[in-house]
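Asker: let's see this in three dimensions:
(chains A, B, C and D)
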Protein chains: 2
Amino acid sequence: MGHVLTIGEFAQMTHLSVRTLRRYHEAGLLEPAHVDPSSGYRYYGAAQIPTAQVIFKLRELDVPLADVRQILITQDPVVRAALVAEHLERLEDRMARTRAAVASLQRLLRPEPAGLAVELRQVPAQLVAGVEDTVAHPDVLGWYAGAMAELDAAVREPAGPAGGLYDNALFSEGRGHVLAHVPITAPVPGVGRVRSTELPGAELAVAVHTGTHDTIDVTYGELGRWVADHTLAVAGPVRETYLVGPRDTPVAARWRTEIGWPVFRVAGAA
Amino acid sequence: MGHVLTIGEFAQMTHLSVRTLRRYHEAGLLEPAHVDPSSGYRYYGAAQIPTAQVIFKLRELDVPLADVRQILITQDPVVRAALVAEHLERLEDRMARTRAAVASLQRLLRPEPAGLAVELRQVPAQLVAGVEDTVAHPDVLGWYAGAMAELDAAVREPAGPAGGLYDNALFSEGRGHVLAHVPITAPVPGVGRVRSTELPGAELAVAVHTGTHDTIDVTYGELGRWVADHTLAVAGPVRETYLVGPRDTPVAARWRTEIGWPVFRVAGAA
DNA sequence: TGTGCACCCTCCCGCGGGGGGAGGGTCAAC
DNA sequence: GTTGACCCTCCCCCCGCGGGAGGGTGCACA
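Answerer: Here you go, the predicted model:
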């Protein structure tokens, strides 16, 4: 039962190239129904067309061959669906990052380079209620939301807007130490992950970013440039303070985020 | 003016890796402000941060390095914006294809393989008013819309739903001969690209696809499988007939497209 | 039964954009 | 002056695919 197709015919029906089919065979992704042992000719069955199509679609979604293989050899449709869903999720936030990149790009390429207002400010130590952790870059947003929920529950009367401390390793290595915090006037009892700590005093280069966080890296870039231009160097984790955020207004364009970059004066002046 | 940064410092500020910066230098993408001739050390200026950020963003959008270079060396902001816009457009329809792939994938992975109803039908020759052309795969949709506009203007009383003939080369080579047509009872005068021709009679394997064209390839696959299973081979361009299309209802789920695949009986039976 | 020709095979190399690591020079703080 | 962090170049590997060389097969037609 089922007609036998040569690799060329099969290629034409599936819109895959002959080379690619051979590669898939080699990779154990799509075994031909029959391989002539003397000639080495590959023969495919019509029943393999849907499989080839699934592979094609998954490749179109940039799913690596190894993962495609994993999906194909999974019999249980539930497990299989889960594997696919995982990739779709990944794809989802790749698209989100793409949108963010487009936004930043448009801001970066505006004719006027905008001249960010940067202020050098000496800040004193500050008592805060905080939640600390070590997280991977892509998870930061979700992590912060969870941490803030706990802080909200633990702190009755915050002494100012919430903020975050982000270790540089988070950006350079993609994983780093982070601290979500709310300023307080007196220590609060530790509940869950919440602890009272002190934010050390420091000299900060401070700038304010307005709008979505999608383009915040542009502001970071301008701040970085300012810091370098003033012969300063970075001395510790970045501090963000959410002056106006999603809890204040749903209109992203009105959000205001203060970025504070701890700096110290560098020896060799220009 | 402007602080000088080592490659490591610069890498940290731009979130690019040291290796990548070296590669960009080599590729003439981002020349360091200064290269020590004796040590070969690269030194960057703070003024180069925005440039690095633009590169980073463009790379995030999968713009090839050569094109990034082209964008960077373009002074005129208008021309530059056009270059970027071109890539954004490309990105746009990449995302569209991604969405289509997701849709097909979900249909393909449904537990029940759906058992498409296929009918073998002998169709007689049919007089049509048609517009012919040779087009590339991605342009087919736009081309068809244009052709249909001309046909609508030229044909008062079509004798049935409109259709299309698509050469197999369109799928295998990505470019091929196509014909948009409307059945007629008597020849119409040639206006613009419109000509009266005859669609030759043929034996067709016919199936009906319901819904968006996003998942039509799945139906094609099932039809292809049926054809192979019945020891038939493809004998010419595919025919599509738009029984219910966008001009009938905006609800894509109600569209019905008849697919007719000309076939002939193949010698070696199973 | 040959012969032609389209098809198939394997094997090696190229691409683009990046990472890992070897082996060695340089710079600055102590 | 030593030490250790940084920088250099060079080569190889990754993925998924395509090109081409060089050679074997299958089938239709004479």
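Asker: hey, let's count contacts and neighbours off CA atoms from now on
Answerer: OK.
Asker: for residue A:116, which residues are in contact?
Answerer: Residues counted as contacts of residue A:116 (CA atoms under 8 Å, 6 or more residues apart in numbering or on different chains) are A:207, A:219, A:222, A:223.
Asker: that one in helix, strand or coil?
Answerer: When classified by DSSP: H, G, I helix; E, B strand; the rest coil, residue A:116 comes out as coil.
Asker: that one and chain B, how far apart?
Answerer: Distance, residue A:116 to chain B, using CA to the nearest CA, to the nearest Å: 13 Å.
Asker: likewise residue A:248?
Answerer: The gap separating residue A:248 from chain B is 30 Å, by CA to the nearest CA.
Asker: out of the contacts of residue A:116, which end up buried?
Answerer: Among the contacts of residue A:116, those classed as buried by 16 or more other CA atoms under 10 Å in any protein chain shown are A:207, A:219, A:222, A:223.
Asker: and the helices in the stretch 151-270 of chain A?
Answerer: A:169-172, A:216-229 (DSSP state H, counting those that start in this stretch).
Asker: the contacts of residue A:116: which two are farthest apart?
Answerer: By the measure CA to CA, A:207 and A:222 form the most distant pair in the contacts of residue A:116, at 9.2 Å.
Asker: where in the stretch 1-150 of chain A is pLDDT low?
Answerer: A:1-2, A:111-114 (pLDDT under 70).
Asker: for DNA strand C, what's the nearest residue on it?
Answerer: residue A:8 (3.1 Å; CA to the nearest atom of the strand).
Asker: is that residue within a helix or a strand, and which one?
Answerer: In this structure, residue A:8 sits in helix A:7-14 according to DSSP states H and E.
Asker: measure how that helix sits relative to helix B:216-229, angle-wise.
Answerer: Counting by axes from the mean of the first three to the mean of the last three CA atoms, to 10 degrees, helix A:7-14 lies at 140 degrees to helix B:216-229.
Asker: which SSE is immediately downstream of helix A:7-14?
Answerer: Taking DSSP H and E, what comes next after helix A:7-14 is helix A:18-26.
Asker: just checking, what packs against that following helix?
Answerer: Other elements packing on helix A:18-26 under the criterion 3 or more CA pairs under 8 Å, 6 or more residues apart in numbering or on different chains; DSSP states H and E are helix A:7-14.
Asker: ok, now with 10 Å
Answerer: Packing partners of helix A:18-26 (3 or more CA pairs under 10 Å, 6 or more residues apart in numbering or on different chains; DSSP states H and E): helix A:7-14, strand A:42-45, helix A:49-60.
Asker: ok, residue A:95 - contacts?
Answerer: Residues near residue A:95 by CA atoms under 10 Å, 6 or more residues apart in numbering or on different chains: A:89, A:101, B:61, B:95.
Asker: scratch that, residue A:82
Answerer: Taking CA under 10 Å, 6+ apart as the test, what residue A:82 contacts is A:71, A:88.
Asker: how far away is it from residue B:106?
Answerer: 12 Å (CA to CA, to the nearest Å).
Asker: which residues do those two both contact?
Answerer: If you check residue A:82 and residue B:106 against CA under 10 Å, 6+ apart, no residue is contacted by both.
Asker: wouldn't residue A:221 be in contact with residue B:50 here?
Answerer: Yes. Using CA atoms under 10 Å, residue A:221 is in contact with residue B:50, at 6.5 Å.
Asker: residue ranges with poor pLDDT in the stretch 151-270 of chain A?
Answerer: A:172-174, A:231-233, A:265-270.
Asker: close to DNA strand C: what parts of the stretch 1-150 of chain A are there?
Answerer: The stretch 1-150 of chain A has residues A:6, A:7, A:8, A:9, A:18, A:22, A:39, A:40, A:41, A:42 near DNA strand C, with proximity defined as CA under 7 Å from any atom of the strand.
Asker: tell me, how many residues neighbour the first one?
Answerer: By other CA atoms under 10 Å in any protein chain shown, 14 other residues sit near residue A:6.
Asker: tell me the bridge partners for it.
Answerer: With DSSP bridges applied, residue A:6 shows beta-bridge pairing to residue A:43.
Asker: quick one on the thing from earlier: mutual contacts of residue A:207 and residue A:222, please.
Answerer: Residues touching both residue A:207 and residue A:222 by CA under 10 Å, 6+ apart: A:116, A:117, A:118.
Asker: give me phi/psi at the first one?
Answerer: In terms of degrees, to the nearest 10, the main-chain angles of residue A:116 are phi -70, psi 140.
Asker: the last one too?
Answerer: Note on residue A:118: its backbone torsions stand at phi -120, psi 140 [degrees, to the nearest 10].
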